[in-house]
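Enquirer: Kindly return the folded structure for what I paste below:
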Amino acid sequence: MRLTLLIPELIWPEPGDRQTLDGLATPALGALLARGRESVEAAADNSADALIAAAFGLTDDVPYAPLRLLGEGHDPGTDHWACADPVHLRFHQERLILADGRTIAIDATEAGQLVRHLNDYFAEAGEAIEFVATTPDRWHLRLTAPADFRTPPLSAMAGRRVDRQLPEESGTAWLRRLLNEAQMLLHGHPANESRTDAGRLTINSLWLWGPGQLPTGLDRCFETVHSRHPLARGLAKVTGTACAEVPASFAELQQASAADGRILVLIEDLLRAVQYEDSDAWQQGIRDLEARWFAPLAAAVRSGRVELDLQSSTIYGLLGWNVRRGDLWRIWQRPTTIGAVAARLAGSTP
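Expert: Got it, this is the predicted structure:
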């Protein structure tokens, strides 16, 4: 089996956080990291979405919106789309911080009411655009023309400081106007008034990102993609690749896969813990992965049953470790620790 294993935020982003990193026992992962052939790409976009796209060969100007829409079960056709995800922006210590839709717990009724309100307003104003809420926290915007702007994916901004929502360029003036109008409409809607009365964070803005058309002619890279992520599922569909749920463990994956198959598995267990600086959740996630995935994987690689391509999006860049049978027999290379890897990548010492 040739396994591409994508795990966003495998390396904790604070190398000096000894409380989180010290004493975290991961001998199997440590052997994979120490003995695999490491690659580090200092990309402009180190997000989980960029990691997923790169696994399918997409690295520049990725049209995330139509791919994600396709993964949600909708046909984007040949239209131009942008992700228009509902968020809450708030000032904290003189900084503007973004909370994503999952964090502020938007329900389907609220999403439906707000999207209808936006669509009714812009239709009356003669704007031939359309908002589509595929889930309560994932919205899409059908555009009337190509929109050439680049903003980070929402996964890179959740829990982070926002400097600006759209580039200050002449070509985005109409989008900035649209966003300003949408913010005013959201602010005055009864759904948000009810949230305020209940002491809940309001849905006061949209995060626009990932514009483009659905790509064609992409090569098929895998026989099966195991993921719940709509972007990964969309990429699987557009490349004619079978898509399945994420196995609970490597043992379960082995039972479901051909011995000589080329498989991609995306595990998102660590992502939100890093986004919202929850070190306890990240530690527990690492321990679970060590038991369910890394320990049995190391044994399978050592026996020659698996060739592993482990990849992760991190603050240090897009990281990769290719590990084959002979690599794990280099026992003179002692297993490393996540803390040591983080310190090395950050240019410091543990």
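Enquirer: And residue 28, which helix or strand is it part of?
Expert: helix 27-35 (DSSP states H and E).
Enquirer: Show me which residues of that helix are buried.
Expert: 28, 29, 30, 31, 32, 33, 34, 35 (16 or more other CB atoms under 10 Å). Where you see a C-beta, it was placed from the backbone N, CA and C, and this is true even at glycine.
Enquirer: next SSE after it?
Expert: Per DSSP H and E, the first helix or strand lying C-terminal to helix 27-35 is strand 37-41.
Enquirer: these two touch, right, residue 238 and residue 214?
Expert: Yes - Residue 238 is in contact with residue 214 according to CB atoms under 8 Å; the separation is 6.6 Å.
Enquirer: Overlap of the contact sets of the two?
Expert: Both residue 238 and residue 214 are in contact with 67, 70, where contact means CB atoms under 8 Å, 6 or more residues apart in numbering.
Enquirer: mind listing the helices for the protein?
Expert: Using DSSP state H, the helices of the chain run over 18-21, 27-35, 48-55, 64-71, 108-124, 154-157, 173-187, 190-197, 230-238, 250-256, 271-275, 279-289, 295-302, 338-345.
Enquirer: one step back: of the buried residues of helix 27-35, closest to residue 193?
Expert: residue 29 (48.5 Å; CB to CB).
Enquirer: quick one: pLDDT of the closest one?
Expert: Residue 29 carries a pLDDT value of 97.
Enquirer: Please work out how many residues are found near residue 236.
Expert: By the criterion of other CB atoms under 10 Å, residue 236 has 25 neighbours.
Enquirer: how much does the lengthiest strand in the chain deviate in direction from helix 230-238?
Expert: As assigned by DSSP state E, the longest strand anywhere in the chain is strand 80-92. Taking axes from the mean of the first three to the mean of the last three CA atoms, to 10 degrees, one finds strand 80-92 and helix 230-238 inclined to each other by 170 degrees.
Enquirer: Quickly compare the helices of the chain and say which is most buried.
Expert: Mean neighbours per residue, mean count of other CB atoms under 10 Å, is largest over those for helix 64-71, with a mean of 27.
Enquirer: Can you dump the C-alpha atoms of that one in PDB for me?
Expert: Taking Å, rounded to 0.1, in the frame of the first residue of the first chain, the C-alpha atoms of helix 64-71 are listed here in PDB:
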ATOM      1  CA  TYR A  64     -11.200  26.300  -3.500                       C
ATOM      2  CA  ALA A  65     -14.800  27.500  -3.700                       C
ATOM      3  CA  PRO A  66     -16.200  25.400  -6.600                       C
ATOM      4  CA  LEU A  67     -14.200  22.400  -5.500                       C
ATOM      5  CA  ARG A  68     -15.600  22.700  -2.000                       C
ATOM      6  CA  LEU A  69     -19.100  23.200  -3.400                       C
ATOM      7  CA  LEU A  70     -18.700  20.000  -5.500                       C
ATOM      8  CA  GLY A  71     -17.600  18.200  -2.400                       C
END
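Enquirer: what about that helix, average pLDDT?
Expert: Averaging pLDDT along helix 64-71 yields 98.
Enquirer: Could you do stretch 234-243 as well?
Expert: If you average the pLDDT over stretch 234-243, you get 97.
Enquirer: mind listing what residue 347 touches?
Expert: Neighbours of residue 347 in contact, by CB under 8 Å, 6+ apart: none.
Enquirer: which residues touch stretch 195-209?
Expert: Where contact means CB under 8 Å, 6+ apart, the residues beyond stretch 195-209 that reach it are 64-65, 82-90, 98-101, 103-106, 110, 114, 139, 141, 149, 151-154, 157, 165-166, 175, 179, 182-183, 186-187, 191-192.
Enquirer: For residue 38, list the residues it contacts.
Expert: Residue 38 makes contacts with 319, 320, 321, as judged by CB under 8 Å, 6+ apart.
Enquirer: Looking at it now. What's its pLDDT?
Expert: 95.
Enquirer: The contacts of residue 38 into a markdown table, with extra columns for pLDDT, distance to residue 125 and neighbour count?
Expert: Putting those into a markdown table (pLDDT from 0 to 100; distance: CB to CB, whole Å; neighbours: other CB atoms under 10 Å) gives the following:
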| residue | pLDDT | distance to residue 125 | neighbour count |
| --- | --- | --- | --- |
| 319 | 96 | 46 | 22 |
| 320 | 97 | 47 | 20 |
| 321 | 97 | 52 | 22 |
